[in-house]
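A.B. asks: One predicted model, sequence on top.
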Amino acid sequence: MPKDLREFLADYERENPREFCRIKKEVDPKYEVAAILTKLEAARKLPILFYEKVKGSDFPVVANVYSTKKKIAASIGIDPEEFREKYLAAMENQVPPRIVTDGPVMDETIGADDVDLTALPMMTYHEADAAPYITAGIVLAQDESGGCNASFNRLMYKDGNRLGIFMTVGKHLHEIYSRSEDQGRPLPISISLGNHPAWALGALYIGAYGDNELGIIGGLLGSPVEVIDGNLKGALFPAHAEIVLEGTIEPHLREEEGPFCEFSGYATGKGLRPVVTVKAMHLRKNPIYQDICGGQHREHLVMATIPMEANLYKTIKGAVPTLVDVHVPAPFSVIVSIKKRFAGQAQSAIIAAFSAEMYLKHVIVVDEDIDITNLQEVLWAVATRAQADRDIVVIPGARGSSLDPSAAAEGVVTKMGIDATAKPSLASFPRRSRVPREVMERINLEAYLNLSSL
């Protein structure tokens with residue numbers, strides 16, 4: 001199993017050459033990287049993209065590392081179908097990190113007086129983006145108990161060694177920062193770029209405040225991750241990252257950040273937000289800058305659903321033992337299938353889902369005969385098995401995502417659950433129109449007609 005990003009990239013390029021594309025022509029970090037990716041996605045092509053020359057920077061850039069479950073699964077030695085079991089096992093069998101004093105990322109260190117963030121090939125993706133952004137940086141911060149939180153946070157370039165940071169209200173990094181700010185103290189953090197894909201899965205873990213995401217990452221890898229306790233007390237960072245920024249989020253300082261085109265597909269989030277001051281930059285020899293294209297691109301959407309679906313499955317299963325499956329098809333939404341044994345189970349699933357994930361706004365519950373990955377079937381179930389006055393649960397004034405463009409101030413939303421299960425039960429509901437399976441399997445269309453002429 002590869003131990004870092006560059007080993008993973010080398011293995012994947014060797015084993016899947018058609019899914020790894022090296023781009024030798026120079027690209028502009030302003031719009032061109034996003035344009036190439038957008039055109040490839042339109043052609044249904046999702047290779048890892050390795051840009052060897054980026055205008056204005058000496059760093060090569062890799063993107064689309066998380067664009068398919070196959071790529072992420074390969075990094076931890078499993079099949080994509082095994083993700084849920086693997087993630088749930090990592091949650092239950094965490095492996096604590098190992099503190100080390102040195103690692104490849106310490107090959108070169110640039111001090112506070114010499115840090116110039118413009119050396120990094122920070123990207124501008126869309127017309128509405130306010131400035132270049134760092135998107136693939138994993139932010140590590142320790143809470144008051146010493147637990148380490150890992151998260152993805154968008155980081156807007158401001159000047160020199162300063163970045164604007166977006167922290168979702170109610171999420172753990174925001175809470176850690178708020179407690180530090182209450183004491184008038186800057187919060188030490190690290191921002192690591194170019195990490196083994198297991199770090200992304202850990203950074204997207206959804207659990208209780210104080211949980212240590214580094215243990216989840218170790219559980220996924222089957223061995224402790226090596227982290228360095230940096231120059232700033234409390235600023236841990238991966239020893240095998242490509243690039244690490246050490247810095248502080250300043251207390252009682254707010255400057256304009258955003259807008260930025262987010263996973264919702266909209267440019268959202270302009271407001272006064274905290275500021276990061278970078279105090280040091282650590283680099284591997286010949287470092288690779290990792291990027292995640294902003295907006296509704298596959299990489300941005302796929303990687304978040306893996307830990308989200310695992311957490312939702314675990315939580316809903318606790319409330320509804322006959323849970324069959326969960327699927328996140330779009331931002332702020334989940335589809336749940338259950339084998340309903342008695343009235344009220346769909347409502348229990350809705351309540352459990354909302355309790356498991358703050359971002360959720362819409363939950364649809366269907367019977368086990370519905371393919372929840374087929375939105376046509378799901379909508380058919382809503383159309384034929386639900387009545388608005390009986391089967392819709394509405395929760396106004398709830399905490400949601402501040403990146404939801406339809407939300408009120410700082411993410412206050414109205415949540416909706418739809419019970420699209422058959423009433424009173426699937427067994428007593430009119431039967432679906434189905435041709436017998438034996439006939440479907442026996443019939444060969446080519447024996448009856450010329451398919452190529454149609």
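C.D. replies: Right, received. Where do you want to start?

A.B. asks: Report the secondary structure state of residue 304.
C.D. replies: Here residue 304 is recorded as helix under DSSP: H, G, I helix; E, B strand; the rest coil.

A.B. asks: And for the one 4 residues further on?
C.D. replies: Applying three-state DSSP to residue 308 yields a three-state assignment of helix.

A.B. asks: how about it, what does it touch?
C.D. replies: Applying Cβ atoms under 8 Å, 6 or more residues apart in numbering to residue 308 gives the contacts 204, 206, 328, 357. Glycine gets a C-beta too; all of them are placed from N, C-alpha and C.

A.B. asks: Nearest to residue 300 among these?
C.D. replies: Lowest distance from residue 300 to the contacts of residue 308 (Cβ to Cβ) belongs to residue 204, with 11.4 Å.

A.B. asks: I'd assumed residue 322 was in contact with residue 345.
C.D. replies: Yes - between residue 345 and residue 322 a contact is recorded at 7.1 Å, counting by Cβ atoms under 8 Å.

A.B. asks: okay, these two: which has more neighbours?
C.D. replies: It is residue 345, of residue 345 and residue 322, that has more neighbours when counted by other Cβ atoms under 10 Å, with 20 against 14.

A.B. asks: Once you drop chain neighbours, what's closest to the more buried one?
C.D. replies: What sits nearest to residue 345 in space, not counting adjacent residues and going by Cβ to Cβ, 6 or more residues apart in numbering, is residue 320, at 5.3 Å.

A.B. asks: Roughly how far does the one you found sit from residue 314?
C.D. replies: 12 Å (Cβ to Cβ, to the nearest Å).

A.B. asks: just to revisit the earlier point, residues bridging contact with residue 345 and residue 322, i.e. touching both?
C.D. replies: If you check residue 345 and residue 322 against Cβ under 8 Å, 6+ apart, the residues they both contact are residue 338.

A.B. asks: Looking at residue 320 and residue 314, which is more packed in?
C.D. replies: Neighbours were counted for residue 320 and for residue 314 using other Cβ under 10 Å; residue 320 has more, 25 against 19.

A.B. asks: Just the pLDDT at that one, thanks.
C.D. replies: In this model, residue 320 is scored at 97, pLDDT.

A.B. asks: show me the contacts for it.
C.D. replies: Per Cβ under 8 Å, 6+ apart, neighbours of residue 320: 338, 345, 348, 349, 352.

A.B. asks: Does the last one belong to a helix, a strand or coil?
C.D. replies: Secondary structure of residue 352, reduced to three states by three-state DSSP: helix.

A.B. asks: same for the lowest-mean-pLDDT helix or strand in the chain, what does it pack against?
C.D. replies: Least confident helix or strand, the chain: strand 267-268 with a mean of 83, by mean pLDDT, DSSP states H and E. The helices and strands touching strand 267-268, judged by 3 or more Cβ pairs under 8 Å, 6 or more residues apart in numbering; DSSP states H and E, are strand 260-261.

A.B. asks: what distance separates the strand it packs on from the centre of its chain?
C.D. replies: Chain-centre distance of strand 260-261: 16 Å, with Cα atoms, centre = their mean, to the nearest Å.

A.B. asks: Going by contacts, tell me the helices and strands next to that strand.
C.D. replies: strand 267-268.

A.B. asks: picking up where we left off before, the residue nearest to residue 345 and residue 340: what is the separation?
C.D. replies: From residue 320 to residue 340 the distance is 9 Å (Cβ to Cβ).

A.B. asks: can you pull out the strands in the stretch 151-300 of the chain?
C.D. replies: Per DSSP state E, counting those that start in this stretch, the stretch 151-300 of the chain carries strands over the ranges 155-159, 162-165, 187-193, 226-229, 236-238, 243-249, 255-257, 260-261, 267-268, 271-273, 275-283, 289-291.

A.B. asks: Given the longest one, what are its sheet partners and their directions?
C.D. replies: Strand pairing for strand 275-283, determined by DSSP bridges: strand 108-110 (antiparallel), strand 162-165 (antiparallel), strand 243-249 (antiparallel).

A.B. asks: got a list of contacts for the shortest one?
C.D. replies: Where contact means Cβ under 8 Å, 6+ apart, the residues beyond strand 108-110 that reach it are 280, 281, 282, 283, 284, 285.

A.B. asks: who wins for neighbours among those residues?
C.D. replies: residue 282 (26 neighbours).

A.B. asks: So it sits against residue 238, correct?
C.D. replies: No - Residue 282 lies out of contact with residue 238 (Cβ under 8 Å); the separation is 10.2 Å.

A.B. asks: which neighbours do those two share?
C.D. replies: With Cβ under 8 Å, 6+ apart, residue 282 and residue 238 have common neighbours 105, 244.

A.B. asks: and the residue most central in space within the chain, what is it in contact with?
C.D. replies: Nearest residue to the geometric centre of the chain (Cα atoms, centre = their mean): residue 304, 2.6 Å. By Cβ under 8 Å, 6+ apart, residue 304 lies in contact with 204, 263.
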